[in-house]
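>>> When you get a sec, could you give me coordinates for this:
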Amino acid sequence: MRRVYWRSRLKRTAFFGASLTLFLSSISSSSAIDLNLVALSNGKAMLIVDDKPPKMFAVGSQITPEIKLIGVNQNSAHVEINGKRQTLFLGHAVLQNNASKNASVTLQASENGHFFAEAKINGGSNLKVLVDTGASYLSMSAADAKRLGIDYKKGVPSRSSTANGIVPTYLVRLDSVKIGDIELFQVDASIHENEMGICLLGMSFLKRLSMTREGQQMVLTKKL
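Next comes the predicted model:
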């Protein structure tokens, strides 16, 4: 049996799921598993294991060889990890890690020193984005969201402060965002009702990466 070490690095979030990072080690190898609770419904829990797409599990399901879902209630799910019980709560989140996938992407600076990338949203069309560490979310206009088939008005109404003042927005969660070899699932995004000159690749995506500037290049690497 592999020994399981777990660590929960939690922070409050207003509208999305829960996560627990499980560190699994053995004599011959080590790995990390991210277990994220994103929804509860009719005695089942929707979980993300590592960076795989969300999947619904019924109570009693063996999520991985080490992890079993043993119960759910109104706002949490209970898992058994090598015989020890742990709880995942809705309303908390951690940064996702994956020791087996540390893909990287190298971006070249534009003439004005900015970094742009092509992001594939929800496995569909590409979206040109500007890397912006000052933006909290991956942000796009309502027009771009409609083009990508995102029903953003089902999201959480919010407001955002921009250079043009306070604008209405909707907070949604994208199924996936892929840039080069880096693909992340369940990425928070902000949809702006007004037009945007360029879509922004903000910290809801970037916080899950390591960023290194090397002259006119920026290297994005999936965190271990």
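
>>> Run the chain-centre distance for the strand or helix carrying Met56.
Secondary structure from DSSP states H and E places Met56 in strand 55-58. Distance of strand 55-58 from its chain centroid, counting by Cα atoms, centre = their mean, to the nearest Å, is 18 Å.

>>> Walk me through which strands it pairs with, and which way each runs.
strand 44-49 (antiparallel) (DSSP bridges).

>>> What lies in contact with the partner strand?
Residues outside strand 44-49 that contact it (Cβ atoms under 8 Å, 6 or more residues apart in numbering): 33-40, 54-59, 63-64, 69, 72, 77, 88, 185-186. (Each C-beta comes from the backbone N, C-alpha and C, glycine too.)

>>> Any of those residues buried? List them.
Buried subset of these (neighbour count, 16 or more other Cβ atoms under 10 Å): 33-38, 40, 54, 57, 63, 69, 72, 77, 88, 185-186.

>>> Output the lowest mean pLDDT helix or strand found in the protein.
When the helices and strands of the chain are compared on mean pLDDT, DSSP states H and E, strand 11-12 comes out lowest with a mean of 32.

>>> Does Thr169 touch Asn194 like I think?
No: assessed by Cβ atoms under 8 Å, Thr169 is found out of contact with Asn194, at 9.2 Å.

>>> So which of the two has more stuff around it?
Neighbour totals were compared for Thr169 and Asn194, and Thr169 leads with 23 against 14 (other Cβ atoms under 10 Å).

>>> Okay, and the beta partners of the more buried one?
Going by DSSP bridges, Thr169 forms beta bridges with Ser158, His192.

>>> Ile121 versus that one, what's the distance?
17 Å (Cβ to Cβ, to the nearest Å).

>>> hang on, the earlier thing: tell me the one of the buried ones among the contacts of strand 44-49 nearest Ala143?
Within the buried ones among the contacts of strand 44-49, proximity to Ala143 (Cβ to Cβ) peaks at Gln186, which comes in at 23.6 Å.

>>> So for the closest one, what's the pLDDT?
For Gln186, the pLDDT comes out at 89.

>>> okay, the helix or strand it falls within in CSV with CA atoms only?
Under the criterion of DSSP H and E, Gln186 resides in strand 182-192. Provided in CSV are the C-alpha atoms of strand 182-192 (Å, rounded to 0.1, in the frame of the first residue of the first chain):
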residue,chain,number,x,y,z
ILE,A,182,-0.5,23.3,-21.4
GLU,A,183,-4.2,22.4,-20.8
LEU,A,184,-6.0,23.3,-17.6
PHE,A,185,-9.6,22.4,-16.6
GLN,A,186,-12.1,24.4,-14.7
VAL,A,187,-10.7,27.8,-15.3
ASP,A,188,-12.6,30.8,-13.8
ALA,A,189,-13.4,33.6,-16.4
SER,A,190,-14.9,37.0,-16.4
ILE,A,191,-17.2,37.9,-19.3
HIS,A,192,-17.5,41.7,-20.0
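
>>> ok, longest helix in this structure?
Using DSSP state H, we find that the single longest helix of the chain is helix 142-147.

>>> one step back: helices or strands next to the very next helix or strand once past the strand holding Met56 in the packing?
Toward the C-terminus, strand 55-58 is succeeded by strand 67-72 as the next helix or strand (DSSP H and E). Here strand 67-72 touches strand 30-41, strand 44-49, strand 76-81, going by 3 or more Cβ pairs under 8 Å, 6 or more residues apart in numbering; DSSP states H and E.

>>> for Pro53, helix, strand, or coil?
coil (DSSP: H, G, I helix; E, B strand; the rest coil).

>>> Alright, calling it a day.
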